[in-house]
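Engineer: Pasting the sequence and the predicted coordinates here, then a few questions.
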Amino acid sequence: MAAGAAAMDVDLQAVENIPRDTLVALLKRKDKESKAHAAKLEKLEERYVKVVRFNKILMEDRTSFQSFCHEFLPESDGVFEEAAAQETPTNLAELQRQLRAWKGAAEAAGEDRKVFQQFVELVFPGQDAALQLFNRPALGSDAFDVLLQRWMVLEDLQNQSIASINVMAREQVLAHSQEFQAAINSRQDSERRTQDLQDQLTKMAREKAQMLTQRLHGGGGQGTGSAEAPSVASSSSAADQAELRELREQR
């Protein structure tokens, strides 16, 4: 206490020894410096508040961006965790690589979807229930049930068509069988008629041969007659013999 009082007395004595104008000037300068420091401090505080607020926004954006990346790139969590552990910026090149891989897979899936749509249009032409599935962003869990139902309907129609074709084929086979049997019967009738005609011709030839034979034998037994009779008989006999040989050759 005594030391403090002594120091105050010394300061008061020093101040009393300073001229009043000088002391006022010193006080004004100190006040100005104090105000300048206060203004700088206020600006620093404002900047600090802004930095804190921006850092908070950046952290929230980082969290949102990390969640966004996780939706498209499930393997990106490791990139953010590594950056946080090492207190370094996130490896953007790795995220871009994963994004390119994801885009490639998405494009391949899009091409597969187009091919599948063309296949469905080929299998179910003009069926809106099946084609409307591709108007949606995703086929959905009911797509398989819809396609299965369409397939069962198509299968029933095909079975009915096959059954109808089988019936028509059997009818045609039966009709052709009847026609074939009728042709066989007609051929057999023709063969029988031909055989009957041949039998009749053979009988007629045999009877004629007998008649000629009788005539030949009868002509040889005539011993008397006119002078022209032997010549006529000889000519008739030669003709009969020739006709008889012809009939025997035909038989």
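Structural biologist: Yep, that arrived.

Engineer: How many residues are close by A101?
Structural biologist: 12 (other CB atoms under 10 Å). Every residue, glycine included, has its C-beta placed from N, CA and C.

Engineer: Need the pLDDT of it.
Structural biologist: Per-residue pLDDT puts A101 at 90.

Engineer: Please pull out the lowest mean pLDDT helix or strand from this structure.
Structural biologist: helix 2-17 (a mean of 56; mean pLDDT, DSSP states H and E).

Engineer: average pLDDT for the helix or strand just after that one?
Structural biologist: Downstream of helix 2-17, the next assigned helix or strand under DSSP states H and E is helix 20-72. For helix 20-72, the mean pLDDT works out to 89.

Engineer: which strands and helices sit next to helix 20-72?
Structural biologist: helix 77-86, helix 92-123 (3 or more CB pairs under 8 Å, 6 or more residues apart in numbering; DSSP states H and E).

Engineer: how far off helix 92-123 does that helix point, in degrees?
Structural biologist: 30 degrees (axes from the mean of the first three to the mean of the last three CA atoms, to 10 degrees).

Engineer: any idea how far helix 20-72 is from the chain center?
Structural biologist: Chain-centre distance of helix 20-72: 65 Å, with CA atoms, centre = their mean, to the nearest Å.

Engineer: Okay, angle between it and helix 77-86 too, please.
Structural biologist: Using the same axes, to 10 degrees: helix 20-72 against helix 77-86 is 150 degrees.

Engineer: Now do the SS call for T90.
Structural biologist: coil (DSSP: H, G, I helix; E, B strand; the rest coil).

Engineer: Next, count neighbours for it.
Structural biologist: 17.

Engineer: Could you check how many residues crowd around the nearest residue to it once chain neighbours are set aside?
Structural biologist: Nearest non-adjacent residue to T90, counting by CB to CB, 6 or more residues apart in numbering: A83, 4.5 Å away. When counting by other CB under 10 Å, one arrives at 15 neighbours for A83.
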